[in-house]
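return a 3D structure for these sequence lines:
(chains A and B)
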Amino acid sequence: MTPPDSTPEATPAPVPSNFVRDIILDDLQTNKYSGRVHTRFPPEPNGYLHIGHAKSICLNFGLAAEFGGKTNLRFDDTNPEKEEQEYVDSIIDNVKWLGFQWEEPIHYASDYFQQLHDWAVQMIREGKAFVCDLTAEEVRKSRGTLTEGGTESPYRTRSVEENLDLFERMKNGEFPDGSRTLRAKVDMASKNLNMRDPVMYRILNAEHHRTGNKWCIYPMYDYAHGQSDSIEGITHSICTLEFEDHRPLYDWYIDQLGIYHPQQIEFDRLNLTYTMLSKRKLLQLVKDGHVRGWDDPRMPTLSGIRRRGYTPEALRNFCNAIGVSKTNGTIEIGLLEHHVREDLNKRAPRLMAVLKPLRVVIDNYPEGQTEEMDAVNNPEDASAGTRKVPFSRVLYIEQDDFREDPPKQFYRLSPGKEVRLRWGYFITCNSVVKDEKGEITEIHCTYDPATRGGNAPDGRKVKATIHWVSAAHAVDAEVRIYETLFDRENPNAAEDFLACINPKSLEVLTDCKLEPALGNVEPEFRCQFERLGYFCADKDTAPGKPVFNRTVALRDSWAKIEKRADKPGKPAK
RNA sequence: UCCCCGGUCGUCUAAUGGUAGGACAGCGGCCUUUGGAGCCGUGAAUCGGAGUUCGAAUCUCUGCCGGGGAGCCA
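Residues are numbered from 1 along each chain as shown, chains lettered A, B, ... in the order given. Just a heads-up that it's a prediction; the model follows:
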């Protein structure tokens, strides 16, 4: 069987125009950074990357690639209490899988701890920072409110010498967690709360995943991020909208320090219907066992999406299609699905699998006989070639493809009706066998030997073509069918998001029958099961015992007709 | 209540003072050895009010609506 496809490099597929790109274009025009474009992707390693990060990755790497620039991968690891090496590893793996190449080496905010410290000392010397003894509670109270300014800390006027001494001792671990902070002297009366003497350093006697126990004071995001950008020579520091209010502080630190000044640009983060993209809540889903880990195929994490069977190309195309703006919007999940189908339609080989088998006996087909039927692997791609599929007297078809009492417009198999078996023969149903409970256990058909391959010499047509698997040759498999993890468009708005988990988000089918070509696949092998959808071999696959995930179903116009017929007052036409 | 940012088809996005366009979704049809794919067609929008202008989605004012902001999180 064909191996799982590799991850082709992300080609600088033209990034559609957006306001960030316009800014860069303008800066190039005015030679603001002497022609340089240098972006960065700065995740905090406190969880797995999700599809929202993919948007940021595609933006940052895509823009730099388009203008011959560079993109750094930088871990924003300034909070040792939440960050772990496992997350670092997964992030590196995800970015690579998405198809992007960062500028070596990988950077870490923790690489700059010494420099950041020295700059803090410089600010103390210049009277721009002070050690504050207020407790967290006191700081909160003195900060003021949204409508009123705050009051200055009584420690704001400490001498430079005392500040220097205290800060040194903070660094040396002489004080307990939370007992003191280093704060910037900005403006307690500012309308922008971020400017009300923000904390630069806090005391945290915690082990850091990279610096170990070397430090017991750690810089805050605002004090670390802009300077990290500056050190790396970033030109455009692209982040999400909630940092808009932080930009004045970003600019302030850099101006006070008198160092190279990148510009921060904010864009709207991704929201998806039926999807939760809060790292905190995602972590809870994993920790509390609501899903089978960070890479559960129902998760919006890149690891989960990958395991589900999505391709990097599909994800990149999606990210390009949604655009970038400053509007708070929500993308319909259907657009994401459209992009996987579009990509997989071109490249996924077609095979036959029966998920809910119904036994079919071809009464007039010789017992013990087997034929090898020729099947086209991909009608969209002639180079995919053909394969042989065994045909015999007893087959499985999909339960959904047979109706004893067919509704109007159902043109699959039913008593007295004739259909085509894909790449096989025309068959006609003659009788139905039921058990004592009235359940159909098998059906009996006759086939027309003249229709071998699927065409009738007399030119007669059939309405439907259905898929099948020869019982004697079938490979048993488990197939996992997914629906959205949440039962409503906006689970974020719910009071209790756990209560919105869709009970039907995972359905495990254990009695599936696959054509023999599917008997020995590698995890991540992707294909289409004819008429059903795109599927991907799961990592739980064992030799001879495949496990498949349904990536996405095919568009199903019959399901639409049926649904419409269900609606009272709107009968199928 | 104070500050910041937004508001264009159902959804996302373009038009940067000069014909409101695209994608997805919807609907109708054609085609078909996947009720798949493909093709063709179609309905659908500038938050309201004033102003500037020959001309406004775009500029100004104002109102309304939505998002974000009071971590020693990022």
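
and the residue nearest to residue A:154 when sequence neighbours are not counted, what does it touch?
Nearest residue to residue A:154, sequence neighbours excluded (C-beta to C-beta, 6 or more residues apart in numbering): residue A:134, at 7.9 Å. Every C-beta, even on glycine, is put in place using the N, C-alpha and C of the backbone. By C-beta atoms under 8 Å, 6 or more residues apart in numbering, the residues touching residue A:134 are A:142, A:153, A:154, A:155, A:181.

in chain A, which residue sits closest to RNA strand B?
Using C-beta to the nearest atom of the strand, the closest approach of chain A to RNA strand B is made by residue A:454 at 2.2 Å.

surely that residue and residue A:419 touch.
No - with contact defined as C-beta atoms under 8 Å, residue A:454 does not count as touching residue A:419 (10.6 Å).

circling back to that earlier point, now which of the contacts of residue A:134 would you call buried?
Among the contacts of residue A:134, the ones that count as buried by 16 or more other C-beta atoms under 10 Å are A:142, A:153, A:155, A:181.

now, the residues you listed that are in strands?
Counting by DSSP state E, the buried ones among the contacts of residue A:134 place residue A:181 in strands.

got the buried ones among the contacts of residue A:134 as TSV, with distance to residue A:215 and pLDDT columns?
Shown next, in TSV, are those (distance: C-beta to C-beta, whole Å; pLDDT from 0 to 100):
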residue	distance to residue A:215	pLDDT
A:142	27	97
A:153	24	98
A:155	22	98
A:181	15	98
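
same for RNA strand B: which of the buried ones among the contacts of residue A:134 are within range?
Restricting these to those near RNA strand B by C-beta under 7 Å from any atom of the strand leaves residue A:181.

helices of the stretch 251-400 of chain A, residue ranges please.
For the stretch 251-400 of chain A, the helices defined by DSSP state H, counting those that start in this stretch occupy A:279-287, A:302-308, A:312-322, A:333-347.

return the most buried member of the ones you listed.
Among the helices of the stretch 251-400 of chain A, helix A:302-308 has the highest mean neighbour count (mean count of other C-beta atoms under 10 Å), at a mean of 24.

hmm, back to that, ok, the contacts of residue A:134 vs residue A:122, which is closest?
When the contacts of residue A:134 are compared for distance to residue A:122 (C-beta to C-beta), residue A:181 comes out closest, at 17.7 Å.

I figured that closest one hits residue A:131, correct?
Yes - Residue A:181 lies in contact with residue A:131 (C-beta under 8 Å); the separation is 7.3 Å.

what sits up against stretch A:423-438?
A:360, A:362-363, A:373-376, A:389, A:391, A:402, A:404, A:413-421, A:440-449, A:451-454, A:456, A:462, A:468.

would you list every one of the strands in the stretch 301-450 of chain A?
Assigned by DSSP state E, counting those that start in this stretch, the strands in the stretch 301-450 of chain A fall at A:350-351, A:353-354, A:357-362, A:371-376, A:386-391, A:394-398, A:418-421, A:426-434, A:440-447.

is RNA strand B contacted by the last one?
Yep, that's strand A:440-447 we're talking about. No - Strand A:440-447 stays clear of RNA strand B (C-beta under 7 Å from any atom of the strand), getting no nearer than 13.3 Å.

so the next helix or strand after that strand, near RNA strand B or not?
Beyond strand A:440-447 in the direction of the C-terminus, DSSP states H and E gives the next helix or strand as strand A:465-466. Yes - part of strand A:465-466 sits near RNA strand B under the criterion C-beta under 7 Å from any atom of the strand, namely A:465, A:466.
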